[in-house]
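> structure for this input, please:
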Amino acid sequence: MKPSELKAPFKWDHRQVMIHDRIFYVPTRCDSYDSFTFPGWNDPQLFGNDNPIAIEYCSGNGAWIAAKAQENPHINWIAVEKKFVRVRKIWAKIKNLNLNNLIVLCGEACNATRLYFPDQSFTGAYINFPDPWPKKRHAKHRLIRPEFVQQIWRVLQSEKVFTLVTDDPDYSIRMIAEMGSHPGFASLHPHPYFITEMPNYGTSWFETLWREQGRTIHFHQYGKRCFT
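From the prediction side, this is the model:
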């Protein structure tokens, strides 16, 4: 399958929330949010089983998560990507590699998580190289902000881990500040609260690119605290 073979199942003027051919569509500025009922991750349209689920946000072309799905067939994987051109590339990998344990969510990460993801859905959450939006006037576009961190805390199972990866040192500082301000998370690493190498983590297109340019990769990991 080629990425270009994937066609959206609706026109822009008639966009709607729907699940179709391994893709969970949650379009922005959509009128059907309230009319769509999430069927559960074990629905045949999604995974059709009750295996553990891990989620990656900002999946890009899907290299990292497709490899993880191949290596861990007993785990279900969700790739979240906003850009349709990248969703196509992930979809093609699903088809060509016969990855029945991988689906793509096409939509804005925080919005989709807030609207449809049940509490304590995931045994792991990952965000790999999110756009840092470095200019102050663009801060509202950054994914790592209080609302999103709260949503990750809600959907992550107790004592499971949220991993955040970036090559941008300023965004690393922001990540540490946002995560450190949430009482439900605790860093797995002492000061400076990140490590620069993580064996067996996997490789993405962006990581390869940034390492070739001599950039240092920051891996942050936070465990969800369990409150009684």
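
> hey, which helix is longest across this structure?
For the chain, the helix that runs over the most residues, judged by DSSP state H, is helix 84-97.

> what lies in contact with that one?
With contact meaning Cβ atoms under 8 Å, 6 or more residues apart in numbering, helix 84-97 is reached by 1-6, 8, 21-23, 59-63, 65-66, 69-70, 79, 81, 99, 102-104, 106. C-betas here are computed from N, CA, C, even on glycine.

> in the lowest-mean-pLDDT helix or strand in the chain, which residues are buried?
Taking mean pLDDT, DSSP states H and E as the measure, the chain has helix 205-212 as its least confident helix or strand, at a mean of 81. Neighbour-count burial for helix 205-212 flags 206-207, 210 (criterion: 16 or more other Cβ atoms under 10 Å).

> check which helices and strands whichever helix or strand comes after it sits against.
Sequence-wise, the next helix or strand downstream of helix 205-212 (DSSP states H and E) is strand 218-224. If contacts are counted by 3 or more Cβ pairs under 8 Å, 6 or more residues apart in numbering; DSSP states H and E, strand 218-224 sits against strand 156-166, helix 169-180, strand 185-187.

> got the CA coordinates for stretch 113-130 in CSV?
C-alpha atoms of stretch 113-130 as CSV (Å, rounded to 0.1, in the frame of the first residue of the first chain):
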residue,chain,number,x,y,z
THR,A,113,-7.9,12.7,24.6
ARG,A,114,-10.3,14.9,26.6
LEU,A,115,-13.3,13.9,24.5
TYR,A,116,-13.0,10.2,24.1
PHE,A,117,-10.3,8.5,26.1
PRO,A,118,-11.6,6.6,29.2
ASP,A,119,-9.9,7.0,32.5
GLN,A,120,-6.9,4.8,33.1
SER,A,121,-6.8,3.5,29.6
PHE,A,122,-3.1,3.2,29.0
THR,A,123,-0.1,1.3,30.4
GLY,A,124,2.3,3.8,28.9
ALA,A,125,2.2,7.2,27.2
TYR,A,126,4.9,8.7,25.0
ILE,A,127,5.4,12.0,23.2
ASN,A,128,8.3,12.2,20.8
PHE,A,129,9.7,15.5,19.5
PRO,A,130,6.6,17.7,19.8
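
> give me the pLDDT for the residue nearest the centre of the chain.
Central residue of the chain (Cα atoms, centre = their mean): Y57, 1.6 Å from the mean position. What the model reports for Y57 is a pLDDT of 97.

> give me the beta-bridge partners of it?
V80, I127 (DSSP bridges).

> what about H220, distance to F162?
Distance of H220 to F162, given as Cβ to Cβ, to the nearest Å: 8 Å.

> what is in contact with those two at once?
M179.

> just name the most buried of the helices and strands packed on strand 218-224.
Across the helices and strands packed on strand 218-224, averaging neighbours per residue (mean count of other Cβ atoms under 10 Å) puts strand 156-166 on top, at a mean of 20.
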